[in-house]
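Q: Below are the sequence and a predicted model; questions follow.
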Amino acid sequence: MDTKLAKNYTIIFLVILNLILFIIGFLLEEKYKITKEQQNTIISYLEKENIKIYTDIPKNYEPMPQISMKKTKNDDLSLQKIFFDNSSNLIRTEKFENTIFKEGNKTLTINNLFIYFRDLEEKNNFKYSRETSLKIAEQYKKILEKIYGKMYLDRVVEEQNYFNISYIQKVDNYKIFNNIVTIKVYKDGKIELYSNNYQKPDVVSTKLNIYSVDEALYTFSKGIKNLIPDKEIYIRNIDLGYYLKMDSDNINFLFLPYYRFYIKGNETPFYVNAYTNIFEYETNIINTEEIF
């Protein structure tokens, strides 16, 4: 057999195979992407409902598996070194399920669900700005990464008297909405930090179909109008990722695909389950008055 001819046939076969695979991949990608018409239709509908979108809309909705993650056990000693200059002067108290460390104007609260830190010292001649606030937040983020792993900038929002800066973790390029560090930097230099973390993701199902973003937006519009019926709604952010709904039925820390929505005037996100297309929102918000 002519080896040169056989080699040419092999090359031609591989080229054709790659072309076929490229076409299949392209068709599958297009299958799970909303069209321009779908996008325009849902935007038009929302405007009639007095809901406006001021952010990009995630267009892809490829099937996603369920994942399971374990709650990270917080190390009291490591966290003390991060948030306090001199641990020998710390006052430690226990309140309910919270372990509270205090030194001067600084307080650190640790429990099984989250860590919460606040520094109430007013800084003289504090130069309040987006740049300064991001610099402070980055310092905390880099230190916490040594304990909890890589984090990515999620949102920077300026409120009336502080910048709200959040970092988030990812699995397979999808955000884990529960794995978050939120830092508030106030005009007078005071700081608040909230952190929650889960580790070691494990895929526990095959990839399952999810609803497209236009369907999720329709569901969100119905849910948010039931909660806030008489006001104009401004959607600041929409993204797709994994979320752990904390309830008695979810004892195995099963994370499911969710669309996450932020609206103007509300720091708490709203969710639409991407499997079931059901509107949900967080009810287990930290009440700092109960802690202190």
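A: Now that the structure is in, tell me what you want to look at. Given the structure is predicted, the values throughout are model-derived calculations rather than measurements.
Q: In contact with the residue sitting nearest the centre point of the chain, which residues are there?
A: For the chain, F177 is the residue whose C-alpha lies nearest the centre (CA atoms, centre = their mean; 3.0 Å). The contact partners of F177, taken as CB atoms under 8 Å, 6 or more residues apart in numbering, are I168, G241, Y242, Y243, L244, Y258, R260, P269, Y271. Bear in mind the C-beta positions are built from the backbone N, C-alpha and C, glycine included.
Q: which other residues reach stretch 60-71?
A: Contacts of stretch 60-71 with the rest of the structure, by CB under 8 Å, 6+ apart, involve 29, 32-34, 112-113, 171, 174, 176, 197-213, 240, 242, 244, 252-257, 274.
Q: hang on, the earlier thing: could you identify the most distant pair in the contacts of F177?
A: Within the contacts of F177, I168 and Y271 form the most distant pair, 14.6 Å apart (CB to CB).
Q: that older thread, what about burial for the contacts of stretch 60-71, which qualify?
A: Using 16 or more other CB atoms under 10 Å as the burial test, the contacts of stretch 60-71 include 34, 171, 176, 197-198, 201, 210-213, 240, 242, 244, 254-257, 274 as buried.
Q: Spatially nearest residue to the residue nearest to the centre of the chain, not counting backbone neighbours?
A: Among residues not flanking F177 along the chain, Y243 sits closest, at 4.4 Å (CB to CB, 6 or more residues apart in numbering).
Q: Wait, the one you found touches I180, no?
A: No. The criterion here is CB atoms under 8 Å, and Y243 misses it with I180 at 10.8 Å.
Q: which stretches of the stretch 1-150 of the chain form strands?
A: Using DSSP state E, counting those that start in this stretch, the strands of the stretch 1-150 of the chain run over residues 51-53, 67-71, 91-95, 98-103, 106-110, 115-119.
Q: Compare those and give me the one nearest R155.
A: Closest approach to R155 among the strands of the stretch 1-150 of the chain is made by strand 51-53 (15.9 Å; CB to CB).
Q: helices or strands up against that closest one?
A: Secondary-structure packing of strand 51-53 (3 or more CB pairs under 8 Å, 6 or more residues apart in numbering; DSSP states H and E): helix 36-48, helix 213-227, strand 233-243.
Q: hey, where'd the helices end up in the stretch 101-250 of the chain?
A: With DSSP state H, counting those that start in this stretch applied, the stretch 101-250 of the chain shows helices at 130-148, 213-227, listed in chain order.
Q: Could you export those to JSON lines, including columns for distance to N40 and mean pLDDT?
A: Shown next, in JSON lines, are these (distance: least, CB to CB, whole Å; pLDDT from 0 to 100):
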{"stretch": "helix 130-148", "distance to N40": "33", "mean pLDDT": "95"}
{"stretch": "helix 213-227", "distance to N40": "10", "mean pLDDT": "96"}
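Q: Please identify which of these is closest to N105.
A: Closest among the helices of the stretch 101-250 of the chain, using CB to CB: helix 130-148, at 15.6 Å.
Q: angle of the closest one against strand 115-119?
A: Counting by axes from the mean of the first three to the mean of the last three CA atoms, to 10 degrees, helix 130-148 lies at 140 degrees to strand 115-119.
Q: okay, helix 130-148 in CSV with CA atoms only?
A: The C-alpha coordinates for helix 130-148 follow below in CSV (Å, rounded to 0.1, in the frame of the first residue of the first chain):
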residue,chain,number,x,y,z
ARG,A,130,-14.0,53.8,45.2
GLU,A,131,-10.2,53.3,44.8
THR,A,132,-9.5,53.5,48.5
SER,A,133,-12.4,51.2,49.4
LEU,A,134,-11.2,48.6,46.8
LYS,A,135,-7.7,48.7,48.1
ILE,A,136,-8.9,48.0,51.7
ALA,A,137,-11.2,45.2,50.4
GLU,A,138,-8.4,43.7,48.4
GLN,A,139,-6.1,43.5,51.5
TYR,A,140,-8.7,41.4,53.4
LYS,A,141,-9.5,39.3,50.3
LYS,A,142,-5.9,38.3,49.7
ILE,A,143,-5.4,37.3,53.4
LEU,A,144,-8.7,35.3,53.4
GLU,A,145,-7.6,33.5,50.1
LYS,A,146,-4.8,31.9,52.0
ILE,A,147,-7.4,30.1,54.1
TYR,A,148,-10.4,29.6,51.8
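Q: Tell me which residues of that helix come out buried.
A: Of the residues in helix 130-148, S133, L134, I136, A137, Y140, K141, L144, Y148 count as buried by neighbour count, 16+ other CB under 10 Å.
Q: I'd like the distance between the second one and Y32.
A: Distance of L134 to Y32, computed by CB to CB, to the nearest Å: 35 Å.
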